[in-house]
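*Asks:* here's my sequence, what's the structure:
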Amino acid sequence: MRLKTLTTRALVVATALAAAFVVAPATTAQAACSFSISSLSWSPASVSNAVDSTVTMTLKATAGFSSIGVDVGPLGFAKQLKPVSGQAGTYRGTLGVTRGTAPGQYGLTSVVTANSQCFLASFSAGYEQAQLEAMGLPELTVTGAAADTQAPVVASFTGGSGPYPATAGSSIPVSMRVTDDVSGVASVTVSATGDEDSSLPQPFNQSRSSSVALTRTGGTDLDGTWTGSLPLVAGTQQPFTYYLTVTDRVGHLFQGPPPTGSATGFRTATTAAPAAPTGVKAVTAYQPGVIGDINIRGGWYVGVTWNPPAAGTPGATDYRITTTGSCAGAAASFWSTTSARVYPPAHGVCKVTVYAHNGVGTSAGASASALF
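*Replies:* Next up is the predicted model:
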């Protein structure tokens, strides 16, 4: 049984490049892109899917290429074989066979080659799957029991429901027990997404999210405990929903909410007015094409940036800006949650003051000035 995949994207791109750029009659550089395979060997030639294995591939082919990209179906997309020193025309590389891989025969499904001359000619030589099958090259044999065909299972999830004080730099512990039938769990991630807050102006009303990759702290990759700390989004006052993502070592994926009976999410709450923003900066900048008063502004503006309140202090849900000096009364246009632009109506020193705000109150201001 040969396990097949589509031709690699690299080969498709290479073919497109050839069609787009190689329009002149054949040159010496283009001729040097010719490539042929004489033999392929695997060491070992057969492996069991009961354990992880590493197989060495040795390809004998036209000499002079800096690398050869090969695709062995689902076992290895675009693996790189490198020239063997002192053995012209010999290329070698390794391929991992994961525990639980489906038993069967695995052969090359695409080959793409390149060297400096081929790159100069915007062309790569290669074999498509049908050509490789016709050559009758040896295949790798994977033996053993039935393959891992099932996604991992989340047996339990522990995460608090709050409400939690949404202070900057705070987090909550989360824990999961995850099982897998054959290959073992490779990665576990917990994320939390909050509702949009229509009471806030843009861009602060957008949904907030947080995530953490968990670490296995007990058991095995077949039945283990995974733990971590999920960062809280500072200053938020809305419900968050948990979402779990688990992959096993052969690529099967579980995505979804926690199991029935577990906490499905949590709430955050602010208990005090935020601390002042830090690192406030104001600079005069120019953006061509900005419509404004041609005699005063043109494309010029004052760009303002700041950092959130310091870690461990009450967080902000949004920010307010006041302007004095040459930009007195000018409204700020927020470009992100930590940046804005001010368009002064007159030349001079423009002073901006940034305030952090949440549902409890507003911080002291932090100021910066720019000569406009």
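*Asks:* CA atoms for contacts and neighbours, from now on please.
*Replies:* Fine.
*Asks:* give me the number of residues near Ala276?
*Replies:* Per other C-alpha atoms under 10 Å, the neighbour tally for Ala276 reads 25.
*Asks:* can you list the weak-confidence ranges in the stretch 201-350 of the chain?
*Replies:* 288-298 (pLDDT under 70).
*Asks:* so the closest residue to Ala213 other than its chain neighbours bridges to which residues?
*Replies:* In this structure, Ala213 finds its nearest non-sequential neighbour in Thr189, 4.4 Å apart by C-alpha to C-alpha, 6 or more residues apart in numbering. For Thr189, the beta-bridge partners under DSSP bridges are Ala213, Thr245.
*Asks:* next up, the contacts around Thr189.
*Replies:* 211-214, 244-246 (C-alpha atoms under 8 Å, 6 or more residues apart in numbering).
*Asks:* of those residues, which is the most crowded?
*Replies:* In these, the most neighbours by other C-alpha under 10 Å go to Val246, 23 neighbours.
*Asks:* and the contacts of Thr189 as JSON lines, adding distance to Pro344?
*Replies:* Output for these, formatted as JSON lines (distance: C-alpha to C-alpha, whole Å):
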{"residue": "Ser211", "distance to Pro344": "40"}
{"residue": "Val212", "distance to Pro344": "42"}
{"residue": "Ala213", "distance to Pro344": "45"}
{"residue": "Leu214", "distance to Pro344": "48"}
{"residue": "Leu244", "distance to Pro344": "48"}
{"residue": "Thr245", "distance to Pro344": "48"}
{"residue": "Val246", "distance to Pro344": "51"}
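*Asks:* list just the nearest of these to Val153.
*Replies:* Val246 (8.3 Å; C-alpha to C-alpha).
*Asks:* pretty sure that closest one is touching Pro258, no?
*Replies:* No. Using C-alpha atoms under 8 Å, Val246 makes no contact with Pro258, being 11.5 Å away.
*Asks:* quick one: the helices in the protein?
*Replies:* 9-21, 28-31, 116-120, 129-135 (DSSP state H).
*Asks:* next, the buried residues of stretch 313-322.
*Replies:* Neighbour-count burial for stretch 313-322, counted by 16 or more other C-alpha atoms under 10 Å, picks out 313-319, 321-322.
*Asks:* out of those, which one sits closest to Ala332?
*Replies:* For the buried residues of stretch 313-322, the nearest to Ala332 is Ile321 (6.5 Å; C-alpha to C-alpha).
*Asks:* so that closest one touches Ala332, yeah?
*Replies:* Yes. The pair Ile321 / Ala332 is scored as a contact, 6.5 Å apart, by C-alpha under 8 Å.
*Asks:* which one of the buried residues of stretch 313-322 sits closest to Gln237?
*Replies:* If you rank the buried residues of stretch 313-322 by distance to Gln237 using C-alpha to C-alpha, Thr317 comes first, at 7.9 Å.
*Asks:* for Thr236, see how far away the closest one is.
*Replies:* Thr317 sits 6 Å away from Thr236, going by C-alpha to C-alpha, to the nearest Å.
*Asks:* list residues touching both of these two?
*Replies:* Asn358.
*Asks:* go through the helices of the chain and find the least confident stretch.
*Replies:* Per-segment mean pLDDT for the helices of the chain reaches its minimum on helix 9-21, at a mean of 32.
*Asks:* report how many residues lie close to the residue nearest to His347 when sequence neighbours are not counted.
*Replies:* Spatial nearest neighbour of His347, chain neighbours left out: Phe372 (5.3 Å); criterion: C-alpha to C-alpha, 6+ apart. Phe372 sits with 22 neighbouring residues when counted by other C-alpha under 10 Å.
*Asks:* my guess is Phe372 contacts Lys351. True?
*Replies:* No. In this structure Phe372 lies outside contact range of Lys351 using C-alpha under 8 Å: 10.0 Å.
*Asks:* many thanks, I have nothing further to ask.
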